[in-house]
Each structure stands twice: as C-alpha cells, then as structure tokens.
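Trainee: sharing a model prediction with you, sequence too.
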Amino acid sequence: MKLLSPLSNVEDYESLVEAGADEFYCGYIPYRWLSKRGVQGSLNRREYVGMANTCTLSSMKILRRKIEDFHIPVKITLNSITYDPMDYPLILNIVQELLDIGFDTFIIADLGLLFYLKEQGVRCNFHISGEFPVLNSETIDFLTAFDIQRIIFPRKMSIVDITSCIQKFRDKVPEYEAFVLNESCLYIGAFCNTLHCDELVSFCFAPTRINKMHLDHKEFKQEYRFLSLSNLYDNQILSGGHEKGEAYSFAEHGCGVCFVKELEAAGITSLKIVGRGRSREFLLNDIQNMKAILALADTFDDHQRTAFQQQVKERFFHGRCLKSTHLCYYPQN
C-alpha cells in the first residue's frame, strides 16, 4: 500500500519525500478564484489560504519540476461538496492550466463538475473524494460510467463494507484509498456544510455532545458504547496541531493504524494521512511513524493480526488504544 501525504507548502516536498511519502495531495487556489469567490466558495475543503493551499501558478510550476526530479506524484484537490455551475468554466480553465504544466490527477466531490469536465473532453485521472459519499457498491456501480481511477472511501465506512465494495469492482476501478491518520471528524464530509478557514477554529474541533434520540432505544448498540466517552473526551476546542512549537503527539486526533493489515487484505491501495495545514514537523513525524508501522505489518502473517495490533499499541501508544474512545476510525472491527 502507498502512503498518501498532504502537501501544504511546495518547500516541504523534498523533506516529506525523504521521510517516505509515496504520493501527495495538495490544494491550488489562484488569485482569480479568490477575487471572485473568496474562501466562502473555496475550490477545496481546506478553505484557509495561508497554511493549506498554493496560490500561484509559478509555485505549481516549481512543484512540477520537483516531481520530475523525485518521481513522487501530486494529486490536486477540487473536492468542495458543490460548486455554482456558473463557475464551472473558470474551474475548467484552472484544470487546463494545471494539465498544461504536467499535473494529471484531480480529486473531485461534485458530481456535476465531474460530468462537466468529462463533457468538455478533459483527459486526466479522476479520484472520487472522501467528500463524496461512496457508502455502498451501488454508488461505485454508478461512478464506473465516468472512468474513475480511484475511489476514496469516506470516514465511517466499516472494513467489511469496504471489502465488499472492492471485491465487486476491482476490475473496473483500479485504486482504492482509506483514511488512516488524524482528524477523526464526527461528521461525514459529504454532509458537512461548515468551513475550515484562517479566521475560525475548524468545526471538527468545536465542543460537541452526542445523545440518543430516545433513551429507551436499543438499536445501534455498538455506537451507543461510545456516546459517554465521546461526550467526555477532551470536549473542548482543539488546535489541530497548527501552532508553531506545539508538542507532537502521534494520532491524538484519531487513527486506524491498528487495521492496516485488514485494509490491505480488503484491497486498499493507498492510506491517507489527513493534515493539510499541519506543520512540516508534524507531517514528518506522521510519515515516519506510519512507514514504521507498515514495515512492522510486513513482519506479521495475516493470521497474526491480533499480535500485530498489540505490537502497535505497545510501541506507538504506550499500551493504550483509541478504540476505547470515539477517535478510532474502525471501531466496528
């Protein structure tokens, strides 16, 4: 499996490659988009400009030259949930601009935009974003008509469901991606209408409380186990690791690293580290830890998954496990 890393700054590319990243995703928001839409109508789901996006074509050209030197690809995020169709021609112009300098893969969540780009004859690789709710095999069956290169499964997908989807469409969609580290948001991206911006704390980290709709309901027992812990666990605004000098803590905002063997067996080809806007030091540590975990996984056979998980807990989490909180990506397993 490849390790997919966020790239917030072109200058970080070499160091993150040396740390072990196999591929990157990044955001590009040129001035002509900002002058028209600002961050309220962002080109991607990291609306803050200063820390999470590249804003000039000259920087993207520099990045492209680095890719030619190191051969580690970069995918471009165009994954806002929806765009005003009046903006489709401008987005097409931006896509073509990036295609002309050598970028060939775009991560998309708006089905209307995908249809428009196909209709306009754009020839590139399309990845379906985790912000688009691919929650079952029927959705993938529908998307195969668009010649999709990769499906990114959203948060809250169980490994059982991921396995079932991949088994049915492995011959039609070649690549599959799953979340593995950071920002275990309470929400599914496709149903989130908030912003991540420079001026406001991301809503993912706002104080929350989860309750049963009716106290006597017994359905969804697995989920109810986590309600009290979800309400108690650090129910305060979290910084998300953006502040300079903040102490590094591996996976403090969520992960699924114990299940990398299950994800590989399911057919996942790329594991996603969330973190556009995080500092280079955070990402270096995340990549190095994940590469160590993947190397450790290779030393265990499939029937030794429990032993592998125990080793991960002891070596990376001091014996604790996020599965006991609401921060585990795959609590159903």
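Mentor: Yes, it's here.

Trainee: quick one, longest helix in the chain?
Mentor: helix 280-297 (DSSP state H).

Trainee: which residues does that helix contact?
Mentor: 1, 3, 5-6, 9, 12, 15-16, 19-21, 180-182, 241, 248, 250, 257, 260-261, 264, 271, 273, 275, 278, 308, 311-312, 315-316 (Cβ atoms under 8 Å, 6 or more residues apart in numbering). From N, CA and C alone the C-beta is placed, and that goes for glycine too.

Trainee: make a PyMOL selection of the buried ones in these.
Mentor: Selection of buried members from those for PyMOL, criterion 16 or more other Cβ atoms under 10 Å:
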select buried, resi 1+3+5+6+9+12+16+19+20+21+180+181+182+241+250+257+260+261+264+271+273+275+278+308+311+312+316
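
Trainee: from the contacts of helix 280-297, which land in helices?
Mentor: 15-16, 19, 260-261, 264, 308, 311-312, 315-316.

Trainee: okay if I get those residues as JSON lines plus distance to V49 and pLDDT?
Mentor: Below are these laid out as JSON lines (distance: Cβ to Cβ, whole Å; pLDDT from 0 to 100):
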{"residue": "S15", "distance to V49": "22", "pLDDT": "98"}
{"residue": "L16", "distance to V49": "20", "pLDDT": "98"}
{"residue": "A19", "distance to V49": "25", "pLDDT": "97"}
{"residue": "V260", "distance to V49": "33", "pLDDT": "96"}
{"residue": "K261", "distance to V49": "39", "pLDDT": "96"}
{"residue": "E264", "distance to V49": "36", "pLDDT": "96"}
{"residue": "F308", "distance to V49": "41", "pLDDT": "95"}
{"residue": "Q311", "distance to V49": "41", "pLDDT": "94"}
{"residue": "V312", "distance to V49": "36", "pLDDT": "93"}
{"residue": "R315", "distance to V49": "38", "pLDDT": "92"}
{"residue": "F316", "distance to V49": "33", "pLDDT": "91"}
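
Trainee: looks like K272 contacts Y176 (just checking).
Mentor: No: the pair K272 / Y176 is not scored as a contact, 10.9 Å apart, by Cβ atoms under 8 Å.

Trainee: quick check: neighbours shared by those two?
Mentor: I152.

Trainee: where do the strands sit along the stretch 51-200 of the chain?
Mentor: 53-54, 74-78, 105-108, 125-128, 150-152, 175-181 (DSSP state E, counting those that start in this stretch).

Trainee: before we move on, what about the stretch 201-333 of the chain?
Mentor: Counting by DSSP E, counting those that start in this stretch, the strands of the stretch 201-333 of the chain are 270-273.

Trainee: so where is it shaky, pLDDT-wise?
Mentor: 201-246, 322-326, 332-333 (pLDDT under 70).

Trainee: if we go to 90?
Mentor: 201-255, 275-279, 317-333 (pLDDT under 90).

Trainee: how long is stretch 290-310 end to end?
Mentor: Stretch 290-310 has an end-to-end distance of 16 Å (criterion: Cα to Cα, to the nearest Å).

Trainee: list just the nearest of the ones in helices among the contacts of helix 280-297 to C165.
Mentor: E264 (15.3 Å; Cβ to Cβ).
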